[in-house]
Structures are given as structure tokens and as C-alpha cells.
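Sequence and predicted structure below; questions after.
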Amino acid sequence: MNARRGFLQIILIIVIALIAIGYFGLNIREILSSPNVQDNLAYAWELKVHVWQTYLAGPASWVYEHILKFLWQLFLDGLGDIQNGGGPSALMESY
């Protein structure tokens, strides 16, 4: 229920923001299609790609390979224990 309420709040905020933008005479389509905005968006995208490739891809790959795979395997082992009649207390005792 709270997730639905939060989603509706976000929709309401977006609608109010669009009404306010229209009230001040701004056209989002014109703004987004202007050459300056297009150039800025392209620059931001290139910067994001550079930061990902230079700084974040290596650590993210290490976290995936060493931590997330381990946690996923623990999760699957736990499900197997529960499916075999072990239950949560047996799962905690095995680790």
C-alpha cells in the first residue's frame, strides 16, 4: 500500500511541476531540442561513460565476482536447505 502511495505522490509532483513550467511559459519540447541542451546532454553522457569505464567498472566487477556471487550462492543453499525440510533455524546452524 505504501509503495502505491509513494508512486502516486511522484506522479502528482511531476504533474504539478509540468503545470508550473507551463505557467512560466516554458516549453519542455523546445528546451530539450535546443542545440545547447543537446550538447550538454551529450557531454553529460560522455562524462558518465568515462567515469564508469575509468573509475567504477573495475570495482563494480570485483564486487560482482567476489561478493554478490557468494551471497547469491548462500541464498540458493539456504533455499535448498529449506526445501529439504531444514527450515530457517537449521539454515542458521549450518553457517
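Arrived safely.

Could you use CA atoms for every contact and neighbour count after this?
Noted.

Next one, pLDDT for the residue most central in space within the chain please.
The chain has Ala60 as the residue nearest its centroid, 14.1 Å off, counting by CA atoms, centre = their mean. Ala60 is assigned 91 on the pLDDT scale.

just Gly78 next, same as before
Reading off the model, Gly78 has pLDDT 83.

and the helix or strand containing it, how far from the chain's centre?
Gly78 belongs to helix 69-83 when assigned by DSSP states H and E. Put simply, helix 69-83 sits 24 Å off its chain's centre (CA atoms, centre = their mean, to the nearest Å).

for it, which positions count as buried?
With burial defined by 16 or more other CA atoms under 10 Å, the residues of helix 69-83 counted as buried are 78, 81.

Who are the packing partners of it?
Judged by 3 or more CA pairs under 8 Å, 6 or more residues apart in numbering; DSSP states H and E, the packing partners of helix 69-83 are helix 87-94.

low pLDDT regions in the protein?
For the chain, applying pLDDT under 70 flags the ranges 1, 86-95.

And it, what are its domain boundaries?
1-33, 35-95 (automatic domain parsing).

can you map out the strands along this protein?
With DSSP state E as the definition, the chain shows no strands.

Pull the longest helix seen in it out as PDB, backbone CA atoms only.
Ordering each helix of the chain by length in residues (DSSP state H) puts helix 2-23 first. Output in PDB follows, covering the C-alpha atoms of helix 2-23 (Å, rounded to 0.1, in the frame of the first residue of the first chain):
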ATOM      1  CA  ASN A   2       2.800   2.400   0.800                       C
ATOM      2  CA  ALA A   3       4.600   1.700  -2.500                       C
ATOM      3  CA  ARG A   4       1.400   2.700  -4.400                       C
ATOM      4  CA  ARG A   5       1.000   5.800  -2.300                       C
ATOM      5  CA  GLY A   6       4.600   6.800  -3.000                       C
ATOM      6  CA  PHE A   7       4.200   6.200  -6.700                       C
ATOM      7  CA  LEU A   8       1.000   8.400  -6.800                       C
ATOM      8  CA  GLN A   9       2.900  11.100  -4.900                       C
ATOM      9  CA  ILE A  10       5.700  11.100  -7.500                       C
ATOM     10  CA  ILE A  11       3.100  11.300 -10.300                       C
ATOM     11  CA  LEU A  12       1.400  14.200  -8.600                       C
ATOM     12  CA  ILE A  13       4.700  16.100  -8.100                       C
ATOM     13  CA  ILE A  14       5.500  15.600 -11.800                       C
ATOM     14  CA  VAL A  15       2.100  16.900 -12.900                       C
ATOM     15  CA  ILE A  16       2.400  19.900 -10.600                       C
ATOM     16  CA  ALA A  17       6.000  20.600 -11.900                       C
ATOM     17  CA  LEU A  18       4.700  20.400 -15.500                       C
ATOM     18  CA  ILE A  19       1.900  22.800 -14.700                       C
ATOM     19  CA  ALA A  20       4.300  25.200 -13.100                       C
ATOM     20  CA  ILE A  21       6.700  25.000 -16.100                       C
ATOM     21  CA  GLY A  22       3.800  25.800 -18.400                       C
ATOM     22  CA  TYR A  23       2.600  28.600 -16.300                       C
END
